[in-house]
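*Asks:* Output the structure for:
(2 chains)
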Amino acid sequence: MRYAETGFNLEVDLTRGNIERVATDPRNTELYLGGLGTNAKILWERVPPEVEPFSPDNLLIFATGLLCGTPATGCNRTIVSTISPQTRLMAFSMMGGFWAPELKYAGYDKVILRGKSPDLVYLWINNDKVEIRDASHLQGKGATETAELIRQELNEPKAQVASIGLAGENRVYFASIEQGRSSASRLGIGAVMGDKGVKAIVVRGTKDINLARPDEYMELCNEVLEYIKFRNENPIPGVMPILAGLGSPQEMKVHDEKWHTENFMWGNSRTRRRDFWNEEIAKDWMETMESMRTRLISCYNCPMTCGATISPPGRPTYMMKCFSKLTYTMAAMSDLEFGLGIAQSATEYGVDGFSAPQVMAFALELLENGILKDKDFPEMPKDNEGRFYYLLDKIVRREGIGDVLANGTYWAAKEIGKGAEEYAHNNIKKHEQLPLKLSMLNPVYFLMYCTGEKINITQIEGQFPQAPYPKREHREAFVKDWFQVPDEKFKQYFIDWEPRGENSNPYYPNVQMSCDIVDWQEKMHYIDDALGMCSGLSSFPLKPPYHMHNYPKFISSGAGIDMDEDKLTQAAKRYRTLVRAINISRGMRRKDEKPPEDHWKKRFPELEEELLDTYYKFKGWNNEGIPTKESLHELGLDYVSEDFLERGILTDGEDIPGEDASSKEAKAAKKKK
Amino acid sequence: MTGNKTDKKKKIIKTIKIDVDKCNGCRACEVICSAFHAAPKYSSNNPARSRIQIIRDPLRDIYVPVYAGEYTVAECAGRDKYTIDGKEYDECAFCRASCPSRDVFKEPDSGLPLKCDMCESDPPLEEPLCVQWCLTDALIYEEREEEVEEEVEQEELEIGLDSLADKYGLEKLMDTVARMSEKD
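*Replies:* You can find the predicted model right below:
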């Protein structure tokens, strides 16, 4: 018997209309856990680098995490993996909501889509009965609207629906997949779903999910619940409100937006408004939020209420989460009422709340600077807010200039030319970033921005405080009940971190400490993404209920896999390296691993080189960021190095430009034998 | 008629106060209920087997936790719809019955009826688990004492057999039981 997982994937060939239920190999669960881990394994094996994002041979994998559907609080994430049309690298966007547990209860760990349907269809998974159904009547419908219509036509109010809107149908490079109160938004996976001709995947499941050692598992679950209660009653002192508690940042609850509005950039990630927040705005925005917010809501099996149902006047109700509260407002230099209103359209169209506003602000900046002309925007309204609605509509319909903008700022700038590239200034690996422009280089964040392969800072940061407390005594107090650290040394790293002077950014945390901190933060996110745990209860907040010390026990007693901290670290490293291997095989190299030029005002080229050199080495990658043969071997990934050797990405026994000395020596030693 | 003698006795009435305004729709109650009632206890979970179900329609702001009550043979002659605070609640939204008109409060495989037992357990739990797992306090447990007439409680097996008899006919059920006992 399989525990926590079902042991079956659903393979759907959309070209032929063929559906198969395929048993999975339990050894892969031990090596790659599930979710992101096993997705990476499948993509490596079945989607070689020659396959284009919009090829029928690209796969679109909807995966549950290993522990989704068990009673572990907050374990509800769907991990969607494919090749991104925007970055041309592996995309693994994720969503909370209710979809993943439902798929588990229907008896599947993953749905793997391949091929392309000739007509628009939706997939209806009802336990053992799986059908591909006509969706021509849903063409052009909003994502939420689609979910409602499907539930009605199937007469299944409890079915969970993951759907795309017009943006996905029209293959907008930042189209999202919407579901429940959540969405998988980053990296254009909605476009791949649209390209495959799939409007929605609908799931209803009524089967059991089993636990290997139930008593032990339930004890762990209860401990987590108790700790959540404790943390809710004891917010962390001395940090801004959104970092004090658990959950994803409580944007639907917290009214004080001084920090975001004065520290994040407005417009096309350009303008910092230092004295923006005042009493009048605070009152005005609070009234807006309270008049439109009907209820605080949660994802499956989670008490954190990070989302809300929002009813803007004269518009349908929708569900919102997190920072999309402010992205439209700030891109348009407008107010919260506008932001909550346009987010309703954006949710129905199904676009990413980070990229979409930035693309629109970018377009208007090009117009202001004469690179785009009035004729490129026929019949565009004169008012600022009207322009954003106009642009959103053009983009999701791919009409006129919208067709260019729909590929995101990087590709649009290339196509527009005439110096437009200068305005696509906030990208990493061709993908729009949070609108942040800061002063002093932060070595930890430098490494995360460079090497994060989710290409989104919020999905690699967390655990370690973003800044030091001013006083040592406060730092000492903070570490007192910081049992989540994987190693005691992290406490000292934090205690010695000063806001100013010798022990401050950019030289403190020093290079080695920065490597340790980034590695810990990244590891926790990768574990979450394989288990299906929401980072809001784990890798993102300070002092979370899930951590390196209880995760192995959850896996052992839940899935019945013998697990300890070392084994888990090794597993996470294995599939993390596999994600990198996929991207390396698609051409990603050191040159691509850099933050936006203007991210920090004060840059330190020598230190940055040293950071990257040291971190690469620490991770077992050569100077180009390619995992070495030795480190691949250590992870049991010889099949990757064989492929790399075959493709000339690694060269056996020969010097690789810039490869580090230790691996040269190792190779030399091997040669002698 | 007078002089009818009724046996009265004190009974603890276990009450779960449901505050629908506080429900966040997360269904943790369904998770823990189905886990507790699994055999062996906690060995599996499956919200479709839960004896509490959230009637949930987020876009209309409808969140109603409903507990499984008695099994009933026939559906009601008519159906009602409630409008409260401008929100229209579906027929049967507040009904606790395991009834032929709908598939809630039935075992997904066998169709046998489910009923909330307030997490009956030895030693008894402090509170039913759905209440313990509801951190938003939409579910609050209370006990009060009432005087009630004594009656014989129908046992679980009997309820199950009753419903099978309704479904397949008593004769067929008896035939099957007879056939099964011959096999042993």
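*Asks:* Which of the helices or strands spans whatever residue of the stretch 1-150 of chain A ends up closest to chain B?
*Replies:* Closest to chain B within the stretch 1-150 of chain A is A:Pro71: 5.1 Å, counting by C-beta to the nearest C-beta. C-betas here are computed from N, CA, C, even on glycine. Using DSSP states H and E, A:Pro71 sits in no helix or strand.
*Asks:* per-residue confidence for it?
*Replies:* pLDDT recorded at A:Pro71 is 98.
*Asks:* Please apply the same query to the one 5 residues further on.
*Replies:* The predicted local confidence for A:Asn76 comes out at a pLDDT of 98.
*Asks:* likewise A:Glu665?
*Replies:* pLDDT recorded at A:Glu665 is 48.
*Asks:* Kindly report the residues of chain B close to chain A.
*Replies:* By C-beta under 8 Å from any C-beta of the partner chain, the part of chain B that sits against chain A consists of B:24-28, B:31-32, B:35, B:38, B:40-49, B:57-61, B:63, B:108, B:133-136.
*Asks:* 7 Å instead, please
*Replies:* Counting by C-beta under 7 Å from any C-beta of the partner chain, chain B comes close to chain A at B:24-28, B:31-32, B:35, B:40-46, B:48, B:58-59, B:61, B:108, B:133, B:135-136.
*Asks:* ok, of these, which come out buried?
*Replies:* Taking 16 or more other C-beta atoms under 10 Å in any protein chain shown as the criterion, what is buried in these is B:24-28, B:31-32, B:35, B:42-46, B:48, B:58-59, B:61, B:108, B:133, B:135-136.
*Asks:* can you tell me which of those are in helices?
*Replies:* B:Ala28, B:Val31, B:Ile32, B:Ala35 (DSSP state H).
*Asks:* Now those residues in TSV, please, with extra columns for pLDDT.
*Replies:* Shown next, in TSV, are these (pLDDT from 0 to 100):
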residue	pLDDT
B:Ala28	98
B:Val31	98
B:Ile32	98
B:Ala35	98
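*Asks:* got TSV for these, with distance to A:Tyr507 too?
*Replies:* Below are these laid out as TSV (distance: C-beta to C-beta, whole Å):
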residue	distance to A:Tyr507
B:Ala28	46
B:Val31	48
B:Ile32	50
B:Ala35	51
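*Asks:* between the residues you listed, which is nearest A:Thr347?
*Replies:* B:Ala28 (25.4 Å; C-beta to C-beta).
*Asks:* Would you confirm that that closest one contacts B:Gln132?
*Replies:* No - in terms of C-beta atoms under 7 Å, B:Ala28 does not count as a neighbour of B:Gln132; the distance is 9.7 Å.
*Asks:* roughly how far apart are A:Ile649 and A:Tyr32?
*Replies:* 22 Å (C-beta to C-beta, to the nearest Å).
*Asks:* I meant A:Lys158, not that one.
*Replies:* 31 Å.
*Asks:* What residue, apart from its backbone neighbours, is nearest A:Val485 spatially?
*Replies:* A:Lys491 (6.1 Å; C-beta to C-beta, 6 or more residues apart in numbering or on different chains).
*Asks:* ok, the one you found touching A:Gln484?
*Replies:* No - checked against C-beta under 7 Å, the pair A:Lys491 and A:Gln484 is beyond contact range at 10.7 Å.
*Asks:* Tell me, domain by domain, which residues of chain B belong where.
*Replies:* Using automatic domain parsing, the domain ranges for chain B come out as B:9-147, B:155-184.
*Asks:* Show me the shaky parts of chain B.
*Replies:* The model of chain B has pLDDT under 70 over residues B:1-7, B:150-153, B:183-184.
*Asks:* Please, where are all the strands along it?
*Replies:* Listed in chain order, the strands found in chain B under DSSP state E are B:8-18, B:44-45, B:52-57, B:62-67, B:82-84, B:87-89, B:139-149.
*Asks:* List the contacts of the closest residue to A:Trp600 other than its chain neighbours.
*Replies:* Excluding the flanking residues, the one nearest A:Trp600 by C-beta to C-beta, 6+ apart is A:Leu441, at 4.6 Å. Contacts for A:Leu441 were tallied using C-beta atoms under 7 Å, 6 or more residues apart in numbering or on different chains; they are A:Asn505, A:Pro506, A:Trp600, A:Lys602, A:Arg603, A:Phe604.
*Asks:* centroid residue for chain B?
*Replies:* B:Ala68 (1.6 Å; C-alpha atoms, centre = their mean).
*Asks:* which bits of chain A sit near chain B?
*Replies:* Those residues of chain A that sit near chain B, judged by C-beta under 7 Å from any C-beta, are A:70-71, A:105, A:148, A:181, A:206-211, A:214-215, A:218, A:225, A:228-229, A:294-303, A:305, A:309, A:317, A:319.
*Asks:* Emit the PyMOL select command for whichever of those are buried.
*Replies:* With 16+ other C-beta under 10 Å as the burial test, the buried ones among those are selected in PyMOL as follows:
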select buried, chain A and resi 70+71+105+148+181+206+207+208+209+210+211+214+218+225+228+295+296+297+298+299+300+301+302+303+305+309+317+319
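*Asks:* Count residues in the vicinity of B:Glu90, would you?
*Replies:* Quick fix: residue B:90 is Asp, not Glu. 17 (other C-beta atoms under 10 Å in any protein chain shown).
*Asks:* for B:Lys9, same thing?
*Replies:* Residues within reach of B:Lys9, counting by other C-beta under 10 Å, total 9.
*Asks:* any idea how far it lies from B:Glu149?
*Replies:* 8 Å.
*Asks:* what's the answer for A:Met304, then?
*Replies:* Here A:Met304 is placed at a distance of 46 Å from B:Glu149 (C-beta to C-beta).
*Asks:* between the two, which one's more packed in?
*Replies:* A:Met304 (26 against 9).
*Asks:* phi, psi of the residue most central in space within chain A?
*Replies:* What sits nearest the mean C-alpha location of chain A, by C-alpha atoms, centre = their mean, is A:Ser93, with 4.6 Å. Main-chain dihedrals, A:Ser93, degrees, to the nearest 10: phi -80, psi 160.
*Asks:* Identify the bridge partners of it.
*Replies:* Beta-bridge pairing of A:Ser93 under DSSP bridges involves A:Val80.
*Asks:* coming back round to it: pretty sure the residue nearest to A:Val485 is in a helix, no?
*Replies:* Yes - per DSSP: H, G, I helix; E, B strand; the rest coil, A:Lys491 lies within a helix segment.
*Asks:* who touches it in this structure?
*Replies:* So A:Lys491 contacts A:Val479, A:Trp482, A:Val485 (C-beta under 7 Å, 6+ apart).
*Asks:* Neighbour-wise, which one of these leads?
*Replies:* For those, the largest neighbour count, defined by other C-beta under 10 Å, is 19 neighbours, found at A:Val485.
*Asks:* burial of A:Pro435, as a residue count?
*Replies:* 25.
*Asks:* Okay, it and A:Asn222: tell me how far apart.
*Replies:* On the measure of C-beta to C-beta, A:Pro435 and A:Asn222 end up 41 Å apart.
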